[in-house]
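Peer 1: Next input, structure requested:
(one chain, ligands or ions: 1)
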Amino acid sequence: MSTAPIPVIAIDGPSASGKGTIAQIVASKLGYHYLDSGAIYRITALAAKNLGVSWQDETALAALAEKMNIRFEQGQILLNGEIITEAVRTEEISRGASEVAVHPQLRTALLGLQKSFRQVPGLVADGRDMATVIFPDAQTKIFLTASAEIRAERRYKQLIEKGIHANLADILQDLQTRDARDQQRSVAPLQQSKNATLLETSALSIEQAVQAVLDCRQQSINA
Ligand code: DC
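Peer 2: Here you go, the predicted model:
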């Protein structure tokens, strides 16, 4: 029996960099599992809001996280049996996710859940600390980014397409605040792992970015 570790492609980067879309396409092309770790922080923020738990209450958030029954099924997210796919994507919950994510006790409580996604034949994991903390032995590590202006525009277009009212300047401001919070927190801050490949997607289409990730994986296999 092979003792080779289950391969992981870790894709980290700032909010709205497109890493979720790209990671999902790569996972489906390779037949790998997919972990949207940001969704887990979003679910925690939503669960806390629904139960009246403050996003600042570290101990209560960690206790809540231990009890959450989360399922990802056919593109839907379920929390304790309830579909919350859309509810975790609002701007309010985006802010809440970034706020709850600063707490070390909560991050520790969510370690086991995230690691449990590593299953044969492989995993594509996207987030902020996939390459640095959760899967430091990942076979392929990518830091995927784009300028704040481009990310804000992409987010703006997504909202307008869904018929949701949006203001570009507000979105840019929100993104910059979240970037700063994610980069400056003391535990597992958003940063490029020293052995990760930088992928700047401002001028790339989704297809080009997907191909760049696949090329990077091939290089790590050949190395
Ligand atoms: O990737 P996203 O926008 O869905 O993530 C939402 C928030 O969750 C983000 O602002 C920071 C936090 N997060 C984190 O701290 N660690 C991760 N691995 C993923 C997300």
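Peer 1: Now do the same contact list for residue 38.
Peer 2: 20, 97, 126, 127, 128 (CB atoms under 8 Å, 6 or more residues apart in numbering). The way it works is simple: take the backbone N, C-alpha and C, and place the C-beta from them, glycine included.
Peer 1: should've said residue 141
Peer 2: Counting by CB under 8 Å, 6+ apart, residue 141 makes contact with 10, 12, 130, 131, 193, 195, 196, 197.
Peer 1: Out of those, show me where the pLDDT dips lowest.
Peer 2: Sorting the contacts of residue 141 by pLDDT puts residue 193 at the bottom of the list (86).
Peer 1: Does that one touch residue 133 like I think?
Peer 2: No - between residue 193 and residue 133 no contact is recorded; they are 9.4 Å apart, counting by CB atoms under 8 Å.
Peer 1: Okay, now the unreliable bits of this protein?
Peer 2: By pLDDT under 70, the low-scoring segments of the chain are 1-2.
Peer 1: just to revisit the earlier point, in helices, which of the contacts of residue 38 fall?
Peer 2: 20, 97 (DSSP state H).
Peer 1: From the contacts of residue 38, pick the one nearest residue 60.
Peer 2: residue 97 (16.3 Å; CB to CB).
Peer 1: Spit out the contact partners of that closest one.
Peer 2: By CB under 8 Å, 6+ apart, the neighbours of residue 97 are 38, 41, 42, 44, 45, 88.
Peer 1: Now rank these by neighbours and give me the top one.
Peer 2: Within those, residue 44 tops the neighbour count with 29 neighbours, counted by other CB atoms under 10 Å.
Peer 1: near the ligand, from the contacts of residue 38?
Peer 2: Among the contacts of residue 38, the residues lying close to the ligand (CB under 6 Å from any ligand atom) are 97, 127, 128.
Peer 1: list the buried ones in the strand or helix carrying residue 209?
Peer 2: Counting by DSSP states H and E, the element that carries residue 209 is helix 206-222. Using 16 or more other CB atoms under 10 Å as the test for burial, helix 206-222 gives 209, 210, 212, 213, 214, 216, 217, 220.
Peer 1: Who are the packing partners of that helix?
Peer 2: With contacts taken as 3 or more CB pairs under 8 Å, 6 or more residues apart in numbering; DSSP states H and E, helix 206-222 sits against strand 8-12, helix 19-30, strand 140-145, strand 197-200.
Peer 1: what sits up against the last one?
Peer 2: I take that to be strand 197-200. Under the criterion CB under 8 Å, 6+ apart, residues 141, 142, 143, 144, 145, 146, 192, 209, 212, 213, 216 lie in contact with strand 197-200.
Peer 1: so what strands line up beside that strand?
Peer 2: strand 140-145 (parallel) (DSSP bridges).
Peer 1: Report the angle between the partner strand and helix 206-222.
Peer 2: On the basis of axes from the mean of the first three to the mean of the last three CA atoms, to 10 degrees, strand 140-145 is oriented at 150 degrees to helix 206-222.
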